[in-house]
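**Student:** Here's a sequence, model it:
(chains A and B, ligands or ions: 2)
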Amino acid sequence: MSFPAVLRSEWTKIRTVASTVWTLAAAAVVTVGMSALLCVFLNSQFENMPKEQQLAFDPTASSFAGMSLGQAAVIVFGVLVVGTEYSTGMIRTSLAAVPRRGSFLAGKLLVATALALAVGLVTSFVSFFTGQALLGEHSIGIGEPNVLRAVFGAGLYMAVIALFAMGLTMVLRSSMLALGILLPFVFLLSPILGSVDATQKVAYFFPNVAGSRIMQTVPAVLDGSEPPYGPWGGFGIMAAWAALAVVAGYAVLRKRDA
Amino acid sequence: MIEAVGLTKRFGAKTAVDQLSFQVRPGHVTGFLGPNGSGKSTTMRMILGLDQPTSGQVTINGRPFRELGNAQRNVGALLDAKAVHGGRRARTHLLSIAQLSGIPEKRVDEVLAVVGLQDVARRRTKGFSLGMGQRLGIATALLGDPRVLLFDEPVNGLDPEGILWVRNLMRQLASEGRTVFVSSHLMSEMALTADHLIVIGRGRLLADMGTQEFIAHNSAGFARVRAAGNDQDGRKALAAALTAAGGRVLQEPDGALRVTGLELPHISDLAHGVGVRLWELSPHRASLEEAYMRMTQSSVEYTSTEDPRAELWEPDPLALPAWEDGAAAPEVPQDGFFAPPPPGAGGKPFLMPGSAAELAGTAGTAPNNPEDTR
Ligand SMILES: Nc1ncnc2c1ncn2[C@@H]1O[C@H](COP(=O)(O)OP(=O)(O)OP(=O)(O)O)[C@@H](O)[C@H]1O
Ligand SMILES: [Mg+2]
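**Tutor:** Numbers count the residues shown, from 1 in each chain, chains lettered A, B, ... in the order given. Ligands and ions are numbered 1, 2, ... in the order given. Here you go, the predicted model:
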């Protein structure tokens, strides 16, 4: 049993199950669709926006704003890739064929993360160009400063949030539990804590909050609430969270009975 | 070759497997028997490195499973037929597992044909029946053409044709020199399939011996004797004579006597001696089921309790001798199970159930079973 064999097997597993295929497709469609709608809206309402907002307008980030919703599908993808092994009992069949659990985990994470990255990149580029086309005169070119970094960053964000979800599911060994923690965390806790002054500083270090900094090209200078890290610093924080989840997941997989 | 040494597994306070040591040798089908919850599946999971033993160890061809280089070529296992992703098609499920060991795609189609699933190969497995799932699990075990095979209740849910097929498959695999370790609750099937038995109860080893030896050791055959006509006196006289000669006598519901401890010719002579004509004198050979039940009686953890309705039923006066009408041996189906009393248990002249409770106990837990090693 070699590592490429594990990769081939995990690839077969992912592509032969409808749920993983659909969640990734949903991530792309939701992100591109929502972003496009927002860009149409922004373009038509731009003149009515307050002056400060016009100045701080970030055409790049706006063109994949739909990712804030699309990431839900990527999270579900990550959770399902790992979680269904446990919920179906497939994990025992898998581990009875791959005694080295490290190889099994690495293979699974590598294939699923690479796939999330590929889908993420395609999504972010399509979303960017679609959005710019719809923004009309307020659009920005890919060659402008920081823009390419933000578009790539959006793809990376997708991959790392998926990896984080997989690591956490490995620890919890249950899709339901993982989704029950991740979705409220991303869609309720982060925005709520992020909007209250007292807790904002904590929220800055949440993986999704820190990671999304890489998608912005304009610093939020106007309200004076700039996070204490740059785009790559924020991405690094998110990556550290994902690494932590994966290491914890590996420890659980190695120690616990399957 | 599978070798367990002092294998122990605790789940919290529950000791599922307790100091188990055994060897499963190649070239034989080794049956793995034990009541529900006795630790068979847990032992198999430990063999496959899925569960970590609390203490002790188990090796396959001298090495722990997790250190085997090419696991699937060495060991194939059916643990839980339902352990598949229902959204995946049968063929791609097998393919994903085959790819782990670089097993060619051709082999996937081969094993699908072997287990008879070629027609549903492209169906999602969630629509599979119990038996179809079981066949898919067997296909998984066969994928790597392994030297060692583990099957946890493989015939569970199979149709008679499938059961026969599994029996022949096991025997064939063993005859090719492989190690075949198979658990089952179907005793009649095991008697036909396994040449060697490992029996556990409450996680402990109860027996490790050849199937025939096991049957001979743990059960006694008996003779069925029927006096001519419905001759009450004759029956009484015969029973008295048989008992006097050292036999144990129980009366069956239809009036026949069940005799243990006497050879058939001796019974015939005794009948002749008391002038009783016989309409039946037939040997009853012990079955694996009886032997197994007798051995594991005391280790059974999950027994059904008596239906409370039974208390409405008044047992006949206890003083009646065994052969009196109304006092009957526990009713048995045609060739069903009846556990002969353990040798030397109680030592009563007539083995007559002393009470309804003891009667029930014959089929459940015997209070004073000498085989109880605990
Ligand atoms: N993961 C677990 N956590 C806690 N207890 C467990 C676990 N797995 C098994 N057990 C317990 O260990 C004991 C042995 O279970 P096991 O499944 O090995 O029995 P078995 O011999 O396979 O029974 P059956 O004939 O019903 O399949 C049972 O009491 C069971 O409740
Ligand atoms: Mg079991």
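
**Student:** Please make it C-alpha for all contacts and neighbour counts, starting now.
**Tutor:** Will do.

**Student:** Using PDB, write out every CA atom in stretch A:228-239.
**Tutor:** Provided in PDB are the C-alpha atoms of stretch A:228-239 (Å, rounded to 0.1, in the frame of the first residue of the first chain):
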ATOM      1  CA  PRO A 228      -4.000  43.700  14.100                       C
ATOM      2  CA  TYR A 229      -2.800  41.700  11.100                       C
ATOM      3  CA  GLY A 230      -2.400  42.000   7.400                       C
ATOM      4  CA  PRO A 231      -4.000  39.900   4.700                       C
ATOM      5  CA  TRP A 232      -1.400  37.100   4.900                       C
ATOM      6  CA  GLY A 233      -1.200  37.400   8.600                       C
ATOM      7  CA  GLY A 234      -4.900  36.800   8.800                       C
ATOM      8  CA  PHE A 235      -4.600  33.900   6.400                       C
ATOM      9  CA  GLY A 236      -1.800  32.500   8.600                       C
ATOM     10  CA  ILE A 237      -4.100  32.600  11.600                       C
ATOM     11  CA  MET A 238      -6.800  30.700   9.800                       C
ATOM     12  CA  ALA A 239      -4.200  28.100   8.500                       C
END
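
**Student:** pLDDT of it, averaged?
**Tutor:** Regarding stretch A:228-239, the rounded mean pLDDT is 92.

**Student:** go on, stretch B:165-182?
**Tutor:** 96.

**Student:** what about the host helix or strand of residue A:72 and ligand 1, any contact?
**Tutor:** Per DSSP states H and E, residue A:72 falls inside helix A:67-88. No. Helix A:67-88 stays clear of ligand 1 (C-alpha under 6 Å from any ligand atom), getting no nearer than 13.0 Å.

**Student:** Can you confirm whether that helix lies near chain B?
**Tutor:** Yes. Among the residues of helix A:67-88, A:84-85, A:88 lie within reach of chain B under C-alpha under 8 Å from any C-alpha of the partner chain.

**Student:** so what's the closest residue to residue B:89 other than its chain neighbours up against?
**Tutor:** Take residue B:89 and drop its neighbours on the chain: the residue closest to it by C-alpha to C-alpha, 6 or more residues apart in numbering or on different chains is residue B:124, 4.0 Å away. Contacts for residue B:124 (C-alpha atoms under 8 Å, 6 or more residues apart in numbering or on different chains) come out as B:86-90.

**Student:** a markdown table for the residues of helix A:67-88 next to chain B, including pLDDT and neighbour count?
**Tutor:** What follows is those, written out as a markdown table (pLDDT from 0 to 100; neighbours: other C-alpha atoms under 10 Å in any protein chain shown):
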| residue | pLDDT | neighbour count |
| --- | --- | --- |
| A:84 | 94 | 19 |
| A:85 | 94 | 21 |
| A:88 | 93 | 15 |
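
**Student:** of the residues you listed, closest to chain B?
**Tutor:** For these, the closest approach to chain B (C-alpha to the nearest C-alpha) belongs to residue A:88, at 5.5 Å.

**Student:** Please list all residues in contact with that closest one.
**Tutor:** B:82-86.

**Student:** Compute the distance between it and residue B:159, please.
**Tutor:** Residue A:88 sits 25 Å away from residue B:159, taking C-alpha to C-alpha, to the nearest Å as the criterion.

**Student:** picking up where we left off before, in terms of pLDDT, where does the residue nearest to residue B:89 sit?
**Tutor:** So, for residue B:124, pLDDT stands at 95.

**Student:** Tell me how far it lies from ligand 1.
**Tutor:** As for residue B:124, its distance to ligand 1 is 26 Å (criterion: C-alpha to the nearest ligand atom, to the nearest Å).

**Student:** most surrounded residue in the contacts of residue B:124?
**Tutor:** Highest neighbour count within the contacts of residue B:124, by other C-alpha atoms under 10 Å in any protein chain shown: residue B:90, with 25 neighbours.

**Student:** check contacts around the residue lying closest to it once chain neighbours are set aside.
**Tutor:** Using C-alpha to C-alpha, 6+ apart and skipping residues adjacent in sequence, the residue nearest residue B:90 is residue B:121, 5.0 Å away. The neighbours of residue B:121, taking C-alpha under 8 Å, 6+ apart as the test, are B:89-91, B:112.

**Student:** mind running it again at 7 Å?
**Tutor:** B:89-91 (C-alpha atoms under 7 Å, 6 or more residues apart in numbering or on different chains).

**Student:** ok, the residues you listed vs ligand 1, which is closest?
**Tutor:** Distance to ligand 1, by C-alpha to the nearest ligand atom, is smallest for residue B:90 among the contacts of residue B:121, at 24.7 Å.

**Student:** For the stretch 51-200 of chain B, which segments count as helices?
**Tutor:** Along the stretch 51-200 of chain B, counting by DSSP state H, counting those that start in this stretch, helices occupy B:71-74, B:90-100, B:105-114, B:130-142, B:160-175, B:187-193.

**Student:** Determine the set of other helices and strands touching the fifth one.
**Tutor:** This points to helix B:160-175. Under the contact definition 3 or more C-alpha pairs under 7 Å, 6 or more residues apart in numbering or on different chains; DSSP states H and E, helix B:160-175 sits against strand B:29-33.

**Student:** Report the next helix or strand after the strand it packs on in sequence order.
**Tutor:** On the C-terminal side of strand B:29-33, the closest following helix or strand by DSSP H and E is helix B:40-47.

**Student:** State the mean pLDDT of stretch B:206-223.
**Tutor:** 85.

**Student:** residues from the stretch 1-150 of chain B in reach of ligand 1?
**Tutor:** B:11, B:16, B:34-42.

**Student:** residue nearest the centroid of chain A?
**Tutor:** With distances taken as C-alpha atoms, centre = their mean, the residue of chain A nearest its centroid is residue A:158 (2.9 Å).
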